[in-house]
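Enquirer: Give me the fold of what follows.
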Amino acid sequence: MTKPRYGNDWPPLVGARHLPLVIRLRDTLLTAGAWLLLAYLLRDFFSLAWDYLSHPIFELTVTTAPDWHEIWLRLKPYAVYIGILIAWLLYWGYVLRHHLADASHKPQPQNLPVAEHALSFNLPAAQVSEWQSKRSMVASFDDKGSITSVKDHS
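Expert: Okay, here's the model as predicted:
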């Protein structure tokens with residue numbers, strides 16, 4: 001097996017210096033586009049905030065106040081849907097509260113003994129113990145799921 005493309009650093013983080021220019025350019029353009037779309041969608045809010053905070057302060061002089069009733073009529077179906085989802089989540093949280101509380105206090109199972117682990121792969125226990133002491137190993141398997149070769153990769 002070949003060495004990793006970016007070295008043996010752990011954890012294998014891909015930094016910006018390792019990325020091709022096309023990927024960095026794509027990510028930059030998508031991020032800038034997302035911010036511009038967000039600013040466009042909030043343009044009315046920015047206009048109201050600018051007018052409200054400019055001289056004379058705390059008064060709308062250029063824009064008119066939003067029609068809160070019309071805004072509520074448009075948002076009401078979403079608010080009802082969110083309320084239903086919250087009620088559903090609270091109901092199932094209440095019904096399953098004992099199960100959820102018990103799940104966090106279950107003890108961890110015992111460690112699998114090396115001999116039993118080795119037996120599950122039809123390998124000598126000493127070999128599995130040696131492999132466990134390595135930092136990184138690459139194992140190859142055949143069609144039946146048996147290990148055919150193991151290479152030290154650290």
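
Enquirer: Could you export the helix or strand of the chain with the lowest mean pLDDT as CSV, CA atoms only?
Expert: Ranked by mean pLDDT, DSSP states H and E, the helix or strand of the chain with the weakest confidence is helix 97-103, at a mean of 83. C-alpha atoms of helix 97-103 as CSV (Å, rounded to 0.1, in the frame of the first residue of the first chain):
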residue,chain,number,x,y,z
ARG,A,97,-37.9,9.4,30.2
HIS,A,98,-37.1,6.3,32.3
HIS,A,99,-35.6,4.5,29.3
LEU,A,100,-33.5,7.6,28.4
ALA,A,101,-32.3,8.0,32.0
ASP,A,102,-31.3,4.3,32.2
ALA,A,103,-29.4,4.5,28.9
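
Enquirer: and that helix, how far from the chain's centre?
Expert: Helix 97-103 sits 25 Å away from the centroid of its parent chain (Cα atoms, centre = their mean, to the nearest Å).

Enquirer: Show the low-confidence segments of this protein, by residue range.
Expert: Low-confidence segments of the chain, defined by pLDDT under 70, span residues 1-14, 154.

Enquirer: What ranges does it have for its strands?
Expert: Under the criterion DSSP state E, the chain contains strands at 137-141, 147-152.

Enquirer: For residue 128, the count of nearby residues, please.
Expert: Look at residue 128: counted by other Cβ atoms under 10 Å, it has 19 neighbours. Every residue, glycine included, has its C-beta placed from N, CA and C.
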